[in-house]
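1. Next input, structure requested:
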Amino acid sequence: MLKALLQQFWPSAGKREYALPAGVRVYAIGDIHGRLDKLRDMETQIAAHLAAHGAAPETFVVLLGDYVDRGPESRSVIDHLLGGNFAGLPTRRLLGNHEAALLTFLDDPSIGPAWLAYGGMATLASYGVSLPSVPVDDRMEYLRQALIAQLPPAHLEFLQSLELTVQVGDYLFVHAGVRPGRTLEQQSRSDLLEIREPFLGHRRPLPWRVVHGHTVSDAAEVLPSRIGLDTGAYASGRLTAAVIEGASVEILVA
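-> I've put the predicted structure just below:
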(Lines give C-alpha, C1' and ligand atoms only; values in the text may rest on other atoms or scores of the structure.)
Protein backbone atom coordinates (compact mmCIF):
# COMPACT_ATOMS: atom_id res chain seq x y z
CA MET A 1 0.00 0.00 0.00
CA LEU A 2 2.74 2.48 1.01
CA LYS A 3 4.79 1.65 -2.06
CA ALA A 4 1.75 2.18 -4.30
CA LEU A 5 1.06 5.55 -2.71
CA LEU A 6 4.67 6.62 -3.09
CA GLN A 7 4.69 5.68 -6.76
CA GLN A 8 1.44 7.56 -7.29
CA PHE A 9 3.05 10.81 -6.19
CA TRP A 10 6.69 10.04 -7.04
CA PRO A 11 6.64 7.66 -10.03
CA SER A 12 10.29 6.71 -9.64
CA ALA A 13 10.37 6.69 -5.83
CA GLY A 14 12.78 4.10 -4.54
CA LYS A 15 14.64 3.78 -7.86
CA ARG A 16 17.32 6.35 -7.04
CA GLU A 17 19.22 6.62 -3.79
CA TYR A 18 21.23 9.74 -3.02
CA ALA A 19 24.12 9.86 -0.58
CA LEU A 20 27.13 11.88 0.46
CA PRO A 21 30.52 10.18 0.20
CA ALA A 22 31.60 8.13 3.22
CA GLY A 23 33.16 10.27 5.93
CA VAL A 24 31.38 13.50 4.93
CA ARG A 25 28.76 15.40 6.93
CA VAL A 26 27.12 18.66 5.82
CA TYR A 27 25.10 21.09 7.90
CA ALA A 28 23.00 23.04 5.36
CA ILE A 29 21.27 26.19 6.64
CA GLY A 30 18.28 27.91 5.04
CA ASP A 31 17.55 31.58 4.40
CA ILE A 32 18.61 33.87 7.29
CA HIS A 33 17.29 37.26 6.07
CA GLY A 34 18.80 39.50 8.71
CA ARG A 35 17.92 37.34 11.74
CA LEU A 36 21.21 37.35 13.63
CA ASP A 37 19.45 35.99 16.72
CA LYS A 38 18.29 32.88 14.83
CA LEU A 39 21.71 32.45 13.21
CA ARG A 40 23.36 32.44 16.64
CA ASP A 41 20.76 29.98 17.92
CA MET A 42 21.50 27.68 14.99
CA GLU A 43 25.23 27.92 15.62
CA THR A 44 24.58 26.82 19.20
CA GLN A 45 22.46 23.89 17.99
CA ILE A 46 25.12 22.74 15.54
CA ALA A 47 27.78 22.97 18.24
CA ALA A 48 25.57 20.85 20.51
CA HIS A 49 25.01 18.32 17.72
CA LEU A 50 28.77 18.07 17.21
CA ALA A 51 29.31 17.59 20.94
CA ALA A 52 26.74 14.79 21.00
CA HIS A 53 27.73 13.00 17.79
CA GLY A 54 31.31 14.02 17.11
CA ALA A 55 32.45 15.22 13.72
CA ALA A 56 32.85 13.17 10.56
CA PRO A 57 36.33 13.21 9.00
CA GLU A 58 35.08 15.94 6.65
CA THR A 59 32.41 18.11 8.25
CA PHE A 60 31.39 21.54 7.01
CA VAL A 61 28.54 24.04 6.78
CA VAL A 62 26.76 25.18 3.62
CA LEU A 63 24.77 28.43 3.86
CA LEU A 64 22.07 28.54 1.17
CA GLY A 65 22.01 32.31 0.61
CA ASP A 66 19.70 35.24 1.41
CA TYR A 67 21.60 36.62 4.40
CA VAL A 68 20.26 40.15 3.85
CA ASP A 69 16.90 41.96 3.49
CA ARG A 70 13.60 41.74 5.37
CA GLY A 71 14.99 41.05 8.85
CA PRO A 72 16.53 43.82 10.97
CA GLU A 73 20.24 42.88 11.12
CA SER A 74 21.61 42.27 7.63
CA ARG A 75 24.87 44.07 8.36
CA SER A 76 25.37 42.16 11.62
CA VAL A 77 24.67 38.83 9.92
CA ILE A 78 27.47 39.48 7.43
CA ASP A 79 29.76 40.63 10.25
CA HIS A 80 29.03 37.39 12.09
CA LEU A 81 29.72 35.24 9.03
CA LEU A 82 33.00 37.10 8.46
CA GLY A 83 34.11 36.31 11.99
CA GLY A 84 35.62 32.92 11.13
CA ASN A 85 34.41 29.35 11.03
CA PHE A 86 30.78 28.70 11.89
CA ALA A 87 30.44 26.54 15.02
CA GLY A 88 34.13 25.81 14.54
CA LEU A 89 33.51 24.34 11.07
CA PRO A 90 34.63 25.34 7.56
CA THR A 91 31.85 27.13 5.71
CA ARG A 92 30.72 27.32 2.08
CA ARG A 93 28.50 30.32 1.36
CA LEU A 94 26.05 30.45 -1.54
CA LEU A 95 24.70 33.48 -3.36
CA GLY A 96 21.00 34.18 -2.88
CA ASN A 97 18.78 36.29 -5.11
CA HIS A 98 18.70 39.03 -2.45
CA GLU A 99 22.50 39.35 -2.40
CA ALA A 100 22.43 39.36 -6.20
CA ALA A 101 19.92 42.23 -6.12
CA LEU A 102 22.05 44.19 -3.65
CA LEU A 103 25.12 43.79 -5.87
CA THR A 104 23.16 44.86 -8.93
CA PHE A 105 21.87 47.93 -7.11
CA LEU A 106 25.45 49.01 -6.38
CA ASP A 107 25.95 49.30 -10.16
CA ASP A 108 22.44 50.10 -11.36
CA PRO A 109 20.08 52.21 -9.23
CA SER A 110 17.19 51.55 -11.63
CA ILE A 111 16.49 48.25 -9.87
CA GLY A 112 16.21 50.10 -6.55
CA PRO A 113 12.40 50.29 -6.36
CA ALA A 114 12.04 46.55 -6.97
CA TRP A 115 14.79 45.68 -4.46
CA LEU A 116 13.40 48.00 -1.79
CA ALA A 117 9.92 46.54 -2.27
CA TYR A 118 11.07 43.04 -1.38
CA GLY A 119 13.19 43.78 1.62
CA GLY A 120 16.03 46.10 0.67
CA MET A 121 14.92 48.90 2.98
CA ALA A 122 15.79 46.74 5.98
CA THR A 123 19.29 46.22 4.59
CA LEU A 124 19.79 49.94 3.97
CA ALA A 125 18.64 50.69 7.51
CA SER A 126 21.11 48.19 8.94
CA TYR A 127 23.90 50.18 7.25
CA GLY A 128 22.53 53.48 8.55
CA VAL A 129 21.07 54.58 5.22
CA SER A 130 17.56 56.12 5.15
CA LEU A 131 15.30 57.62 2.51
CA PRO A 132 16.44 61.18 1.82
CA SER A 133 14.44 64.38 1.40
CA VAL A 134 15.41 64.78 -2.22
CA PRO A 135 13.31 64.71 -5.40
CA VAL A 136 11.88 61.27 -6.18
CA ASP A 137 13.85 61.00 -9.42
CA ASP A 138 17.13 61.40 -7.50
CA ARG A 139 16.43 59.07 -4.58
CA MET A 140 17.73 55.79 -5.96
CA GLU A 141 21.07 57.28 -6.99
CA TYR A 142 21.34 58.99 -3.60
CA LEU A 143 20.68 55.68 -1.83
CA ARG A 144 23.17 53.87 -4.06
CA GLN A 145 25.90 56.36 -3.27
CA ALA A 146 25.06 56.32 0.44
CA LEU A 147 25.20 52.51 0.56
CA ILE A 148 28.54 52.46 -1.29
CA ALA A 149 29.90 54.89 1.31
CA GLN A 150 28.66 52.79 4.24
CA LEU A 151 29.43 49.29 2.92
CA PRO A 152 32.71 48.04 4.44
CA PRO A 153 35.18 46.66 1.87
CA ALA A 154 35.08 43.28 3.65
CA HIS A 155 31.30 43.13 3.17
CA LEU A 156 31.62 43.84 -0.55
CA GLU A 157 34.29 41.14 -0.85
CA PHE A 158 31.99 38.75 1.03
CA LEU A 159 29.11 39.44 -1.36
CA GLN A 160 31.30 39.12 -4.43
CA SER A 161 32.81 35.82 -3.24
CA LEU A 162 29.53 33.93 -2.82
CA GLU A 163 29.19 30.69 -4.82
CA LEU A 164 26.31 29.66 -7.09
CA THR A 165 26.44 25.93 -6.31
CA VAL A 166 28.22 23.38 -4.18
CA GLN A 167 28.15 19.74 -5.28
CA VAL A 168 29.14 16.93 -2.92
CA GLY A 169 28.53 13.33 -3.98
CA ASP A 170 24.90 12.98 -5.06
CA TYR A 171 23.88 16.25 -3.40
CA LEU A 172 23.67 19.67 -5.02
CA PHE A 173 23.38 22.74 -2.78
CA VAL A 174 21.91 25.81 -4.49
CA HIS A 175 19.81 28.78 -3.46
CA ALA A 176 16.57 28.26 -5.40
CA GLY A 177 16.77 25.01 -7.37
CA VAL A 178 17.41 23.73 -10.88
CA ARG A 179 15.53 23.42 -14.15
CA PRO A 180 14.74 19.72 -14.67
CA GLY A 181 16.16 18.16 -17.80
CA ARG A 182 19.30 20.27 -17.89
CA THR A 183 22.84 19.45 -16.85
CA LEU A 184 24.49 21.62 -14.22
CA GLU A 185 26.46 23.37 -16.96
CA GLN A 186 23.20 24.18 -18.77
CA GLN A 187 21.51 25.77 -15.75
CA SER A 188 21.02 29.52 -16.03
CA ARG A 189 22.09 31.84 -13.24
CA SER A 190 18.55 33.15 -12.92
CA ASP A 191 17.16 29.64 -12.45
CA LEU A 192 19.74 28.77 -9.80
CA LEU A 193 18.83 31.95 -7.91
CA GLU A 194 15.08 32.30 -8.54
CA ILE A 195 13.37 29.21 -9.96
CA ARG A 196 10.19 27.82 -8.45
CA GLU A 197 8.26 25.89 -11.10
CA PRO A 198 8.81 23.52 -12.78
CA PHE A 199 11.39 22.60 -10.14
CA LEU A 200 9.16 22.48 -7.05
CA GLY A 201 6.51 20.32 -8.69
CA HIS A 202 8.96 17.90 -10.31
CA ARG A 203 8.52 14.37 -8.92
CA ARG A 204 10.90 12.27 -11.00
CA PRO A 205 14.53 11.64 -10.01
CA LEU A 206 17.06 14.37 -10.73
CA PRO A 207 20.79 13.85 -11.25
CA TRP A 208 21.25 15.14 -7.68
CA ARG A 209 19.24 15.51 -4.53
CA VAL A 210 18.90 19.29 -4.49
CA VAL A 211 19.16 21.13 -1.16
CA HIS A 212 17.74 24.63 -1.49
CA GLY A 213 16.09 27.62 0.15
CA HIS A 214 14.26 30.52 -1.55
CA THR A 215 10.69 29.16 -1.37
CA VAL A 216 9.12 29.49 2.07
CA SER A 217 7.33 26.53 3.67
CA ASP A 218 6.03 26.03 7.20
CA ALA A 219 8.57 23.25 7.86
CA ALA A 220 11.46 21.63 6.03
CA GLU A 221 10.38 19.78 2.89
CA VAL A 222 12.27 16.49 2.73
CA LEU A 223 11.31 14.91 -0.59
CA PRO A 224 12.99 12.19 -2.68
CA SER A 225 14.80 14.57 -5.04
CA ARG A 226 14.93 17.81 -3.07
CA ILE A 227 15.15 19.25 0.45
CA GLY A 228 13.69 22.73 0.97
CA LEU A 229 14.98 24.61 4.02
CA ASP A 230 13.51 28.13 3.83
CA THR A 231 11.03 28.39 6.70
CA GLY A 232 10.74 32.18 6.59
CA ALA A 233 12.98 32.95 9.56
CA TYR A 234 12.53 36.72 9.20
CA ALA A 235 8.78 36.39 9.92
CA SER A 236 8.26 32.95 11.49
CA GLY A 237 11.22 33.01 13.87
CA ARG A 238 12.22 29.53 12.62
CA LEU A 239 15.62 29.02 11.00
CA THR A 240 16.00 25.50 9.65
CA ALA A 241 19.01 23.34 8.82
CA ALA A 242 19.55 19.81 7.52
CA VAL A 243 22.26 17.50 8.84
CA ILE A 244 23.20 15.23 5.93
CA GLU A 245 25.49 12.23 6.33
CA GLY A 246 25.53 9.25 4.00
CA ALA A 247 21.91 8.82 2.94
CA SER A 248 20.44 10.13 6.20
CA VAL A 249 18.89 13.55 6.78
CA GLU A 250 18.17 15.09 10.19
CA ILE A 251 16.43 18.45 10.60
CA LEU A 252 17.40 21.13 13.13
CA VAL A 253 15.17 24.14 13.88
CA ALA A 254 16.39 27.20 15.80
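
2. quick one: low-confidence parts of the chain?
-> Residue ranges of the chain with pLDDT under 70: 1-15.

3. mind listing what's buried in stretch 241-254?
-> 241-245, 249, 252-254 (16 or more other Cβ atoms under 10 Å). All C-beta spots, glycine's among them, are computed from the backbone N, C-alpha and C.

4. Kindly report the same for stretch 180-197.
-> Buried-residue list, stretch 180-197, by 16+ other Cβ under 10 Å: 180, 187, 191-193, 195.

5. for the residue nearest to the spatial centre of the chain, what are its contacts?
-> Taking Cα atoms, centre = their mean, the centroid of the chain lies closest to residue 64, which sits 2.3 Å from it. Contacts for residue 64 were tallied using Cβ atoms under 8 Å, 6 or more residues apart in numbering; they are 28-31, 94, 96, 173-175, 211-214, 229-230.

6. just the strands in the stretch 51-200 of the chain please.
-> Taking DSSP state E, counting those that start in this stretch as the criterion, the stretch 51-200 of the chain contains strands spanning 58-63, 91-93, 165-168, 171-174.

7. between the ones you listed, which gets nearest to residue 46?
-> Smallest distance to residue 46 across the strands of the stretch 51-200 of the chain (Cβ to Cβ): 7.2 Å, for strand 58-63.

8. name the helices or strands packed onto the lengthiest helix in the chain?
-> What stands out as the longest helix in the chain, according to DSSP state H, is helix 36-53. Helix 36-53 sits against strand 24-29, helix 74-81, strand 240-245, strand 248-253, with contacts defined as 3 or more Cβ pairs under 8 Å, 6 or more residues apart in numbering; DSSP states H and E.

9. Save those as TSV, and put in distance to residue 108 too.
-> Supplementary listing: those in TSV, determined by distance: least, Cβ to Cβ, whole Å:
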stretch	distance to residue 108
strand 24-29	30
helix 74-81	20
strand 240-245	33
strand 248-253	37
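
10. just so I know, which of the ones you listed lies nearest residue 168?
-> Closest approach to residue 168 among these (Cβ to Cβ): strand 24-29, 6.3 Å.

11. chain center to that closest one: distance?
-> Relative to the centre of its chain, strand 24-29 is centred 13 Å away, using Cα atoms, centre = their mean, to the nearest Å.

12. If you compare the directions of it and strand 248-253, what angle comes out?
-> Orientation of strand 24-29 against strand 248-253 (axes from the mean of the first three to the mean of the last three Cα atoms, to 10 degrees) gives an angle of 30 degrees.
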